[in-house]
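**Student:** quick one, structure for this:
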Amino acid sequence: MPFTPAEADACRRLVRMALDEDLDGAGDITSAATIPDEQRGQAVLVARTPGVVAGLPAAEMSFRTVDPELTFTPQVEDGADVTRGSRLATVAGRMRSILTGERTALNFLQRLSGVASQTRRHVALVAGLPVKLLDTRKTTPGWRLLEKYAVRCGGGHNHRVGLWDAFLVKDNHLAALAGSPDPVGEAVRRARAANAAVPLEIEVDTLEQLDRALAARPDIVLLDNMSPEQMREAVRRRDAAAPGVLLEASGGVSLNTLRAIAESGVDRVSVGALTHSAVALDIGLDYGS
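**Tutor:** Presented below is the predicted three-dimensional model:
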């Protein structure tokens, strides 16, 4: 799965920042002192644990930013399931350059593969159900586009990218409109008036708020921290009053609760843990393989 142009641009900025942080203008003093400049070789990126690969384009960019003459050859594609010992890619050329780029490349590959693996575990739990699993904006600052890319590699879907590409009216927006006789309807009206072409979602935390939201006809209603029983009632009310409105569950979603939430009949489930709680996949670089 290749990066989009926006993802590639974001990755270039992050790679440059990471290398500047690692080299600090002085360079890799250990490799420069111990490895002859002319020495060439090859190394292989290897999965130490099972998981889903994501970030091979970022690893390649890391190595080739250090040395454009390095050759990076993927052995699998992003989104692939791998086992312990799977060869992910080889990198060949000046050994100094390979060693200098190693940690930066691994940091990107391990982090993004961790997000993809975390996503795949969640996706597997809702297999067979007509529900979409989405990420959130709970991403590492600066890494949002790459982490959302990794979610797609794991089989998930992307929610809005930022505050600019969709309306999401949350509880604090409604609190700020408390002086209105109908804050939910007023928020929907104002958002539609501002830009009717942009998707509009509104968060509710009670069934009474849901009824007001359905009457206002947003595109999506976010059910915040509702129980599966409340969600089933929300689906019943939506089907009766506004069948075209999508319902999204969020809050309290974990590997233990996800299946029951999805079985309530909601259309979407958003899970912050896909990104904020992902553990890096253990990947190493073996010289001379």
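
**Student:** does residue 83 really touch residue 50, like I thought?
**Tutor:** Yes: under the criterion of C-beta atoms under 8 Å, residue 83 makes contact with residue 50 at 5.1 Å. (C-beta placed from N, C-alpha, C; glycine too.)

**Student:** which of the two has more neighbours?
**Tutor:** The neighbour comparison of residue 83 against residue 50 (other C-beta atoms under 10 Å) goes to residue 50, with 14 against 9.

**Student:** OK, contacts around the more buried one?
**Tutor:** By C-beta atoms under 8 Å, 6 or more residues apart in numbering, the contact list for residue 50 reads 81, 82, 83, 84.

**Student:** can you tell me how far the third one sits from residue 48?
**Tutor:** Plainly put, residue 83 is 10 Å away from residue 48 if you go by C-beta to C-beta, to the nearest Å.

**Student:** mind listing what's buried in the longest helix seen in the chain?
**Tutor:** Counting by DSSP state H, the longest helix found in the chain is helix 95-125. Neighbour-count burial for helix 95-125 flags 95-102, 104-123, 125 (criterion: 16 or more other C-beta atoms under 10 Å).

**Student:** give me the domain ranges for the protein.
**Tutor:** According to automatic domain parsing, the chain comprises the domains 5-117+278-287, 124-276.

**Student:** picking up where we left off before, out of the contacts of residue 50, which comes closest to residue 19?
**Tutor:** residue 82 (26.3 Å; C-beta to C-beta).

**Student:** circling back: just the buried members of the contacts of residue 50?
**Tutor:** Counted by 16+ other C-beta under 10 Å, those give residue 82 as buried.

**Student:** export the contacts of residue 50 to TSV and tack on secondary structure and pLDDT?
**Tutor:** Putting those into TSV (DSSP: H, G, I helix; E, B strand; the rest coil; pLDDT from 0 to 100) gives the following:
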residue	secondary structure	pLDDT
81	strand	98
82	strand	98
83	coil	98
84	coil	98
